[in-house]
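Colleague: What follows is a protein structure lacking sequence information:
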DNA sequence: TGAATGATCACG
DNA sequence: GTGATCATTCAT
């Protein structure tokens, strides 16, 4: 049983969405290719009061999508060369999203290897920018509807186990919360 | 541990 | 316009 996540799934508290995305399948279809992977690591960026969020200081041209309706992709370039993929959550006007930090490769592994220039399965998608490169996600997908057929998340009926949480990677804030979720012991989790 | 690499944003 | 920063990755 496969079921594409609907708008209502994303229109909920961000921490809950971040946690429940674990074990779901991220699917990208483009140019006749089908690429997918099981989500094994996420991070929540929630609201106006989250200093680590791009939306902390209000709207800018880049973060517009975070303020928009739930169920859309927010893709940005960082360090001048790496893309990161987020899934926008909660209602229009409330800036929040979930960063997809790692997936376990499932469909299209040969193409992922070619794009990444790596042979080992573990090196393909074990980080937010790695998985974007493997799946061919870049800023052209910013603002893309996650209910479209080009990029979406699918429930394949699996029951997730062994979920752990920690502080977010690359976030240096005194009050940093445990807003990173991952499968304990999964080899595709970043770092 | 640090280089790569360029968009983004605050400042004025 | 300028300069600091960056939700990272890879090779040294």
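Modeller: It's in. Here the structure is a predicted model, which is why all the values come from computation and not from measurement.
Colleague: Got phi/psi on residue A:16?
Modeller: phi -70, psi -40 (degrees, to the nearest 10).
Colleague: OK, contacts around it?
Modeller: Residues in contact with residue A:16 (C-beta atoms under 8 Å, 6 or more residues apart in numbering): none are found. (Glycine included, C-beta is placed from N, CA and C.)
Colleague: From residue A:109, how far off is it?
Modeller: 31 Å (C-beta to C-beta, to the nearest Å).
Colleague: what are the ranges of the strands in chain A?
Modeller: Ranges of strands in chain A, per DSSP state E, are A:3-4, A:25-30, A:33-46, A:73-78, A:82-88, A:96-107, A:151-155, A:163-166, A:180-183.
Colleague: Adding mean pLDDT and distance to residue A:115, write the ones you listed out as JSON lines.
Modeller: Output for the strands of chain A, formatted as JSON lines (pLDDT from 0 to 100; distance: least, C-beta to C-beta, whole Å):
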{"stretch": "strand A:3-4", "mean pLDDT": "98", "distance to residue A:115": "24"}
{"stretch": "strand A:25-30", "mean pLDDT": "97", "distance to residue A:115": "12"}
{"stretch": "strand A:33-46", "mean pLDDT": "98", "distance to residue A:115": "9"}
{"stretch": "strand A:73-78", "mean pLDDT": "98", "distance to residue A:115": "16"}
{"stretch": "strand A:82-88", "mean pLDDT": "98", "distance to residue A:115": "12"}
{"stretch": "strand A:96-107", "mean pLDDT": "98", "distance to residue A:115": "11"}
{"stretch": "strand A:151-155", "mean pLDDT": "98", "distance to residue A:115": "16"}
{"stretch": "strand A:163-166", "mean pLDDT": "96", "distance to residue A:115": "29"}
{"stretch": "strand A:180-183", "mean pLDDT": "98", "distance to residue A:115": "24"}
